[in-house]
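Visitor: dropping a prediction and its sequence here:
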Amino acid sequence: MERVAKMEQPETTEEQGLPGVLPVFPLTGSLLLPGNWMPLNVFEPRYRSMVADAMEGSRHIGMIQPFVPRQDNWPALEEPPENPRLYRVGCAGRIERCEPQADGRYVILLRGVSRFRVRDELPSERGYRRVAAEYGEFAADLGEAAANLDPAALLCALERFSRAHQLTFDFDVLGALPGISLLNGLAVALPFRPEEKQALLEAPSTAEREALLLALMEMGIEPGSSEGHYAPPTLH
């Protein structure tokens, strides 16, 4: 495997230690939230370069959705432009596990750290996109894991949602989770449309995210693609 060039030293925010220059994955329908884990199978050359460079730098990358949904894991959509316009808010994650594969792929495990707002998009680096990221309005994200949230309302709504959509959940396992873990896990896992995922991401507080998630479940929103398919995130 060709030796990778060292990633330029990113700027960081003093309070959070997060990179001010953040490489980003534009991926439709995939939601990363603070404290959540996201496995990714990375095999497109430019994203392999991104992971290699991140591992030599701060290990942070940003998950963000394109404004116009792409095919990534929504196969019913039309072929997207090469560099589609991005939403202004994404979530930075830290690569906690990176397993290079014999064929050049990487299997990584990403842990959500903090949401960010795109200030500007910067020139691409080795084919992947980068942004100037600001974290100030999301300072509470770093302490989100300690948020006190009663899961009762979420579990009741999930029971109704699962019956309506013939989905199966292990409620014994879910009932044992901390409320914040249940909230963020359901926001990620339930098959909402990309724009609804984005609304959950941008909710200013955990209380507002919970209220929105409850509303979405009560509305009985159908899965996002026209054929009702939802796949876990994979980078092509």
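Guide: Now that the structure is in, tell me what you want to look at.
Visitor: I'd say residue 130 and residue 121 touch.
Guide: Yes: in this structure, residue 130 is within contact of residue 121 by Cβ atoms under 8 Å, at 7.4 Å. C-beta here means a position set from N, CA and C on the backbone, and glycine is covered the same way.
Visitor: who's more crowded, these two?
Guide: The residue with the greater number of neighbours, taking residue 130 and residue 121 and applying other Cβ atoms under 10 Å, is residue 130; the counts read 22 against 14.
Visitor: so what's the residue nearest the centre of the chain up against?
Guide: Of all residues in the chain, the one closest to the mean position by Cα atoms, centre = their mean is residue 32, 2.4 Å from it. With contact taken as Cβ atoms under 8 Å, 6 or more residues apart in numbering, residue 32 is in contact with 38, 63, 90, 91, 93, 110, 112, 188.
Visitor: do that again at 6 Å, thanks
Guide: Residue 32 is in contact with 38, 63, 91, 93, 112, counting by Cβ atoms under 6 Å, 6 or more residues apart in numbering.
Visitor: pretty sure the third one sits against residue 111.
Guide: No: here residue 91 lies out of contact with residue 111, judged by Cβ atoms under 6 Å, at a distance of 10.4 Å.
Visitor: ok, those two, which is more surrounded?
Guide: Taking neighbours as other Cβ under 10 Å, residue 91 and residue 111 compare with residue 91 leading, 23 against 16.
Visitor: tell me the pLDDT of the more buried one.
Guide: In the predicted model, residue 91 carries a pLDDT score of 98.
Visitor: so it bridges to which residues?
Guide: Note on residue 91: beta-bridge partners by DSSP bridges are residue 63, residue 115.
Visitor: return the distance of it relative to residue 187.
Guide: Relative to residue 187, residue 91 is positioned 11 Å away (criterion: Cβ to Cβ, to the nearest Å).
Visitor: what does residue 133 give?
Guide: As for residue 133, its distance to residue 187 is 21 Å (criterion: Cβ to Cβ).
Visitor: so which of the two has more stuff around it?
Guide: Between residue 133 and residue 187, residue 133 has the larger neighbour count (other Cβ under 10 Å), namely 27 against 24.
Visitor: which strand or helix spans that one?
Guide: Counting by DSSP states H and E, the element that carries residue 133 is strand 128-134.
Visitor: now that strand: buried residues?
Guide: Neighbour-count burial for strand 128-134, counted by 16 or more other Cβ atoms under 10 Å, picks out 128, 129, 130, 131, 132, 133.
Visitor: residues touching the fifth one, list them.
Guide: Neighbouring residues of residue 132 by Cβ under 6 Å, 6+ apart: 119, 120.
Visitor: switch the cut-off to 8 Å
Guide: Under the criterion of Cβ under 8 Å, 6+ apart, the contact list for residue 132 reads 20, 21, 22, 118, 119, 120, 121, 122.
Visitor: what does the last one give?
Guide: Listed by Cβ under 8 Å, 6+ apart, the contact partners of residue 133 are 18, 19, 20, 21, 22, 62, 92, 116, 117, 118, 119.
Visitor: what's the domain layout of the protein?
Guide: Structural domains assigned to the chain are 21-142, 147-219, following automatic domain parsing.
Visitor: quick one on the thing from earlier: in helices only, show me the contacts of residue 133.
Guide: Among the contacts of residue 133, the subset assigned to helices under DSSP state H is empty.
Visitor: just the ones of those in strands?
Guide: Among these, the members falling in strands (DSSP state E) are 21, 22, 62, 92, 116, 117, 118, 119.
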